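Chemist: coords please:
(one chain, ligands or ions: 1)
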Amino acid sequence: MSTDFSTVREDFPILRMKVNGKSLVYLDNAATMQMPRQVMEAAEVQQLSRHANVHRGIHYLSESSTSEMERSRDTLRDFINARSSAEVIFTSGASQSLNMLAQSFAAIIEPGDEILVTVMEHHSNFVPWQQLCLYTGAAFKAVPVTENGELDMEELRSMLTPRTRLVSAAYVSNLLGTVNPVREIVRLAHENGSLVCLDCAQAMRHTKLDVQELDCDFAAFSGHKIGGPTGTGVLYGRLELLEKLPPAYFGGGMVERVRLEDTTFAAPPLKFETGTPNITGNIGLAAAARYINALGIEDIAERENALLRRATELLSALPEVEIVGHPQNRSGVLSFNVRCLHCFDVASMLDRLGIAVRSGHHCAQPLLDAMGLDGTVRVSPAFYNTFEELDELAEGLERIIKVTKGARDGNHL
Ligand code: PMP
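Modeler: Down below sits the predicted model:
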């Protein structure tokens, strides 16, 4: 590893905060990663020197705003190795990317067609397809998971049929951190004549998304999970498909010609981007991609995997802690529960110690149902976290386990 992560925290002033009188230990990066100065600065430059609407005006500010946003699109094209910038659609995040795609699919899906997702999807890659099927009379199917929390690939194979129009699956599970065999999923789907969409929201920071190498047809991700602004994201689509798919939203900016009786649409990507976009946000998202590239995704992966392994070791050593899911290949997140304590209680007691973790259903209720759970506590270290912070997490949990012993054993505190 060539990147020196010891100084990286200087780029994230928020990490110096005190919470409840303690130094903040921010371990909720799967929900939202903190934003580096470099992204804030890129947004500030845009606001201070280029702020104007894009793709409309012919005055100086509008043109410089447009060219900077389109330069940002090119940066994101390179970030995911798309063939063309026309394949990069700016959205407000993975949720909008997936909803938009599902809405466009509504025009090409017929009763009896099938959409295949997996039980481990975030609701954002589950509900849009489920609702699409309800509206269109298509069949909605979800591939089950094994006891370890991995995709049941045998089931996936057997659930593909000649009517499967699309397979949409997470690259990495936001609840268990399971890294899915996406190459195999793409291969099987394509052999079957089905299209493939990958929800890459939890993969992007530590996995190089190369859409050409993966050969996926669509991919979605959110900016705020890689240090970009909230309300930003991308839908990648293979150009020939984007050319055929109808737009999901209509209005200004996405048309070629509007007449009383009909409208023709602009070419992708603008066909899918109606209204004034999140210009500053999109420019910030490109700055985040540049920041991640400068650190090096492989180095980030190595560092984050080491942190996750350490967290797993520390938490596995606590007898009252039950790790949820044991996939062979895990990245980004670790879920657990403390015996006889509700996950909200654990998270709020950790918060008293200045430690931020996520708790609840993580928008993955079908997976929790399959595992017979209501919720989990989720820890998700980023490259700027330290091994000492993980020690603090383990010590905090030990303290919580100790002070709640009476209650957990059925006695009053
Ligand atoms: N998919 C996955 C796997 C996620 O983890 C998330 C965010 N938790 C989303 C989709 C939705 O992302 P956003 O809220 O940024 O739209």
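Chemist: CA atoms for contacts and neighbours, from now on please.
Modeler: OK.
Chemist: and the longest strand along the chain, what does it pack onto?
Modeler: The single longest strand within the chain, with elements called by DSSP state E, is strand 164-170. Under the contact definition 3 or more Cα pairs under 8 Å, 6 or more residues apart in numbering; DSSP states H and E, strand 164-170 sits against strand 114-118, strand 195-199.
Chemist: Now the next helix or strand after that strand: buried residues?
Modeler: Proceeding C-terminally, strand 164-170 gives way to helix 182-191 as the next helix or strand, assigned by DSSP states H and E. By neighbour count, with 16 or more other Cα atoms under 10 Å as the criterion, the buried positions of helix 182-191 are Val182, Ile185, Val186, Arg187, Leu188, Ala189, His190.
Chemist: what does stretch 39-46 give?
Modeler: In terms of neighbour count (16+ other Cα under 10 Å), stretch 39-46 has its buried residues at Val39, Met40, Ala42, Ala43, Gln46.
Chemist: Ok, stretch 385-396 next?
Modeler: Applying a neighbour-count criterion of 16+ other Cα under 10 Å, one finds Asn385, Thr386, Glu389, Leu390, Glu392, Leu393, Ala394, Gly396 buried in stretch 385-396.
Chemist: And for stretch 169-184?
Modeler: Burial within stretch 169-184, assessed by neighbour count using 16+ other Cα under 10 Å, is assigned to 169-180, 182.
Chemist: rewinding a little: can you say which of the helices and strands packed on strand 164-170 is nearest to Met153?
Modeler: Closest to Met153 of the helices and strands packed on strand 164-170 is strand 114-118 (Cα to Cα; 10.4 Å).
Chemist: and the buried residues of stretch 169-184, which two are the farthest apart?
Modeler: When Cα to Cα is used, the two most widely separated members of the buried residues of stretch 169-184 are Leu175 and Val182, lying 17.2 Å apart.
Chemist: quick one: Glu70 is in a helix?
Modeler: Yes - residue state for Glu70 (DSSP: H, G, I helix; E, B strand; the rest coil) corresponds to a helix.
Chemist: what's the burial count for it?
Modeler: Applying other Cα atoms under 10 Å, we find 18 residues neighbouring Glu70.
Chemist: ok, back up a step: how far off centre is the longest strand of the chain?
Modeler: Here the centre of strand 164-170 is set off from its chain's centre by 17 Å, with Cα atoms, centre = their mean, to the nearest Å.
Chemist: what angle sits between it and strand 195-199?
Modeler: With axes from the mean of the first three to the mean of the last three Cα atoms, to 10 degrees as the criterion, the two stretches strand 164-170 and strand 195-199 enclose an angle of 20 degrees.
Chemist: Now do strand 164-170 and helix 182-191, the angle between them.
Modeler: Computed by the same axes, to 10 degrees, the angle between strand 164-170 and helix 182-191 is 170 degrees.
Chemist: Now do stretch 398-413: distance to the chain's middle.
Modeler: Per Cα atoms, centre = their mean, the displacement of stretch 398-413 from the mean C-alpha position of its chain is 36 Å.
Chemist: number of nearby residues for Arg56?
Modeler: 13.
Chemist: Show the model's pLDDT score for it.
Modeler: The pLDDT attached to Arg56 in the predicted structure is 78.
Chemist: ok, and the closest non-adjacent residue to it?
Modeler: Ser62 (7.2 Å; Cα to Cα, 6 or more residues apart in numbering).
Chemist: what does the helix or strand hosting that neighbour contact?
Modeler: In the assignment (DSSP H and E), Ser62 maps to helix 60-80. Outside helix 60-80, the residues that touch it by Cα atoms under 8 Å, 6 or more residues apart in numbering are 46, 49-57, 83-85, 87-88, 90, 208-211, 279, 282-283, 285-287, 289-290, 293.
Chemist: what's the answer for stretch 37-51, then?
Modeler: In this structure, residues lying in contact with stretch 37-51 by Cα under 8 Å, 6+ apart are 11-13, 61-62, 64-65, 227-229, 280-281, 283-285, 287-288, 291.
Chemist: Mind checking which of these are in helices?
Modeler: Leu61, Ser62, Ser64, Ser65, Thr280, Gly281, Ile283, Gly284, Leu285, Ala287, Ala288, Tyr291 (DSSP state H).
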